[in-house]
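K.L.:
prediction below, plus the sequence it came from.
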Amino acid sequence: MDHQLTRLSKRLSFVLRHHPDKIGIKLDRYGRVDLQTLITKFNQHFGTPISEKIIRKIMRESDKQRYAIEGNTILALYGHSVPVQPLTPPTEPPEKLYHGTTHAAAKFIVDEGLKKMDRDFVHLSANQKMAVQVGKRRDPNPVIFEVAAQKAADAGILFYPTESGVWLVDAMPAKFLKIISQ
């Protein structure tokens, strides 16, 4: 993705995941908002031309699959710090999932497990490659945890899949985590 599209995508994430109020929009309980309202308010606030065509180009060219357009609405698929409900019902996870993080955070995770912190859910990756990519956002050599997802589900933890390969959980106790790379 070119620099301009990346900048627009980051602003879109900021609004749809964290601060819809910044541009005067209101998300429904699933994080959706009318697409045309978003475009109008986004353009008024940022003074940057964005359109449905540009948003669809961002969605096509990004490997992160952050957004979905459903009918006349748009939503961020994951990563919210504002309260939203998952769109999918809980689903049986694969045997293993993964989580990439910093060395500093890993020290706490080993003892305390994964917590949602300032987000609505803990994010787990479908594969190690994705976990490394996520972890590298904050640490050039991230720590990768393997999550015994099937065992956690058997113990009653609910897993919510997203279209992008991210799995959402409320929390993940340390007993289901194992460091596989550091």
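P.N.:
Sure, I can see it. Numbering: from 1, shown residues only.
K.L.:
sec struct for the closest residue to residue 143 other than its chain neighbours, please.
P.N.:
Taking C-beta to C-beta, 6 or more residues apart in numbering, and ignoring the residues beside it in sequence, residue 143 has residue 106 as its nearest neighbour in space, at 3.9 Å. From N, CA and C alone the C-beta is placed, and that goes for glycine too. Secondary structure assignment for residue 106 (DSSP: H, G, I helix; E, B strand; the rest coil): helix.
K.L.:
my read: residue 106 touches residue 182, true?
P.N.:
Yes - in this structure residue 106 lies within contact range of residue 182 using C-beta atoms under 8 Å: 7.0 Å.
K.L.:
which residues do those two both contact?
P.N.:
With contacts defined as C-beta atoms under 8 Å, 6 or more residues apart in numbering, the residues shared by residue 106 and residue 182 are residue 143.
K.L.:
neighbour count: these two, which is higher?
P.N.:
residue 106 (20 against 10; other C-beta atoms under 10 Å).
K.L.:
backbone dihedrals for residue 153, please?
P.N.:
When quoted as degrees, to the nearest 10, the phi and psi of residue 153 stand at phi -60, psi -40.
K.L.:
just give me the neighbour total for it.
P.N.:
Here the count is done by other C-beta under 10 Å, and residue 153 has 19 residues near it.
K.L.:
contacting residues for the closest residue to it other than its chain neighbours?
P.N.:
Spatially, and ignoring its direct neighbours in sequence, residue 153 is nearest to residue 93 (5.5 Å; C-beta to C-beta, 6+ apart). Contact criterion C-beta under 8 Å, 6+ apart gives 149, 150, 152, 153, 159, 161, 167 as the residues in contact with residue 93.
K.L.:
if we go to 10 Å?
P.N.:
Residues in contact with residue 93 (C-beta atoms under 10 Å, 6 or more residues apart in numbering) are 124, 126, 147-153, 157-161, 167, 169.
K.L.:
how much space between it and residue 74?
P.N.:
In this structure, residue 93 and residue 74 are separated by 27 Å, where distance is defined by C-beta to C-beta, to the nearest Å.
K.L.:
where does the chain have its least confident helix or strand?
P.N.:
One helix or strand of the chain scores below all others by mean pLDDT, DSSP states H and E: strand 67-70, with a mean of 83.
K.L.:
buried stuff in that strand?
P.N.:
Taking 16 or more other C-beta atoms under 10 Å as the neighbour-count basis, strand 67-70 is seen to contain the buried residues 67, 68.
K.L.:
again with stretch 51-65
P.N.:
Taking 16+ other C-beta under 10 Å as the neighbour-count basis, stretch 51-65 is seen to contain the buried residues 54, 55, 57, 58, 59, 64.
K.L.:
out of the residues you listed, which sit inside helices?
P.N.:
Among those, the ones falling in helices (DSSP state H) are 54, 55, 57, 58, 59.
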